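Participant: Fold the following and give me the result.
(one chain, ligands or ions: 1)
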Amino acid sequence: MVVLSQRATFESNLYVNPKCKPSPALIPVIDLTNPDAKTLIVKACEEFGFFKVINHGVRPDLLTLLEQEVTKFFALHQSLKDKAGPPDPFGYGSKRIGPNGDVGSVEYILLNANPHLPSHNTTAIFMQTPANFREAVEEYMEEMKEMASKILEMVAEELKIEPKEKLSKLVKVRESDSCLRMNHYPEKEQEMGFGEHTDPQLISVLRSNETESLQICVKDGSWFTVPPDHSSFFVSVGDTLQVMTNGRFKSVKHRVITDTKRSRLSMIYFAGPPLTEMIAPLSCLVPNQDDWLYNEFTWSLYKSSAYKTKLGDHRLGLFEKQ
Ligand code: GA4
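Facilitator: Alright, predicted model coming up:
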């Protein structure tokens with residue numbers, strides 16, 4: 001099944017590009033219960049680095065509860081929210097994105113999704129929120145971990161990666177370095193909410209309300225608006241999976257533009273490997289190291305290098321083989 005999406009009328013600098021002809025992009029829709037899902041996922045990762053997931057099995061009441069609680073949090077007085085910031089990188093942040101001067105029309109909460117780390121759930125932000133919010137966040141993180149692992153397992157099966165848990169276990173293990181981001185973009189004349197970037201992790205699982213704000217960049221460099229779908233999830237390929245597949249999958253460039261009609265709420269789970277994990281093209285996919293497009297690195301090194309970059313930088317550049 002495919003969905004027709006709209007060509008974005010805005011380029012990164014927010015000026016209308018008169019050369020943009022309206023031509024539709026096709027965003028693959030993957031039904032997780034479809035026996036062909038793994039083949040379709042791999043095709044989507046190769047063509048777009050992006051797809052939509054339906055029949056995901058996540059309880060709608062959990063999603064509603066979480067959304068209500070997050071909405072309540074963002075509705076608090078600014079001085080209260082600021083007590084949970086500035087982000088380091090976890091915590092509450094407003095307008096500033098990352099440590100290197102990027103700004104956007106957004107406020108957010110970034111949480112560590114590893115329940116085994118001492119900092120987990122003890123951050124100021126968490127201690128100030130009601131217990132049912134904290135429980136919903138915990139449960140949501142578990143659901144997202146499950147979904148991300150399931151998708152990675154399907155990828156491994158389709159690509160005949162042995163053992164088939166090779167990718168999924170990076171997310172499932174106790175040491176997995178994943179995080180959860182909740183973003184609130186105020187309703188506004190079209191402005192950059194979150195500038196163009198790729199995600200550094202393996203894959204990201206996104207859910208949002210019905211705002212026409214998310215845009216992805218396709219192979220020919222043109223931007224398309226992703227038609228929103230409140231009941232589905234959207235999955236994007238991150239830099240780490242691009243490296244492990246030696247560029248067969250591409251991490252998708254994306255950005256968020258504020259919606260003129262309503263504010264946008266989004267939640268993204270970034271599925272990352274353990275900090276000590278060595279990232280390199282998988283030898284079962286690319287047996288000859290001479291064919292590797294990237295030098296190997298630990299996730300910890302890539303992450304610290306990523307945090308020294310600006311949002312729109314080509315982060316993998318430093319790790320590409322000459
Ligand atoms: C992009 C993906 C995730 O939102 C994030 C972001 C992180 C941050 O907001 O602190 C970064 C950005 C993201 C990549 C480059 C650096 C780090 C902001 C920034 C300028 C949480 C992540 O892991 O990388």
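Participant: and the residue of the stretch 151-300 of the chain found nearest the ligand, what does it touch?
Facilitator: With CB to the nearest ligand atom as the measure, Asp199 is the residue of the stretch 151-300 of the chain nearest to the ligand, at 4.4 Å. Quick note: C-beta positions are derived from backbone N, CA and C, even for glycine. Residues near Asp199 by CB atoms under 8 Å, 6 or more residues apart in numbering: 236, 238-239, 251, 270.
Participant: can the residues you listed go into CSV with extra columns for neighbour count and secondary structure?
Facilitator: Shown next, in CSV, are the contacts of Asp199 (neighbours: other CB atoms under 10 Å; DSSP: H, G, I helix; E, B strand; the rest coil):
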residue, neighbour count, secondary structure
Ser236, 25, strand
Gly238, 21, coil
Asp239, 22, helix
Ser251, 27, coil
Phe270, 23, strand
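Participant: For the protein, which residues are neighbours of the ligand?
Facilitator: Proximity of the chain to the ligand (CB under 6 Å from any ligand atom) is limited to residues 89, 97-98, 100, 102, 110, 179, 181, 197, 199-200, 270, 306-307, 309-311.
Participant: one more time with 5 Å
Facilitator: Within the chain, the residues that sit near the ligand (CB under 5 Å from any ligand atom) are 89, 98, 102, 199, 306, 311.
Participant: quick one: pLDDT of the last one?
Facilitator: With respect to pLDDT, Leu311 has a value of 98.
Participant: same question, the fourth one
Facilitator: With respect to pLDDT, Asp199 scores 98.
Participant: Can you read off the backbone torsions of the residue of the chain found nearest the ligand?
Facilitator: Closest approach between the chain and the ligand, counting by CB to the nearest ligand atom: Gly98, at 2.5 Å. Phi and psi for Gly98, reported as degrees, to the nearest 10, are phi 70, psi -180.
Participant: which non-adjacent residue is nearest it?
Facilitator: Nearest non-adjacent residue to Gly98, counting by CB to CB, 6 or more residues apart in numbering: Leu311, 6.3 Å away.
Participant: State whether Thr240 is indeed within a helix.
Facilitator: Yes. Looking at Thr240 with DSSP: H, G, I helix; E, B strand; the rest coil, it is inside a helix.
Participant: Identify the residue nearest it in space, chain neighbours excluded?
Facilitator: Counting by CB to CB, 6+ apart, Thr240 lies nearest to Leu202, which is 4.8 Å off, once chain neighbours are set aside.
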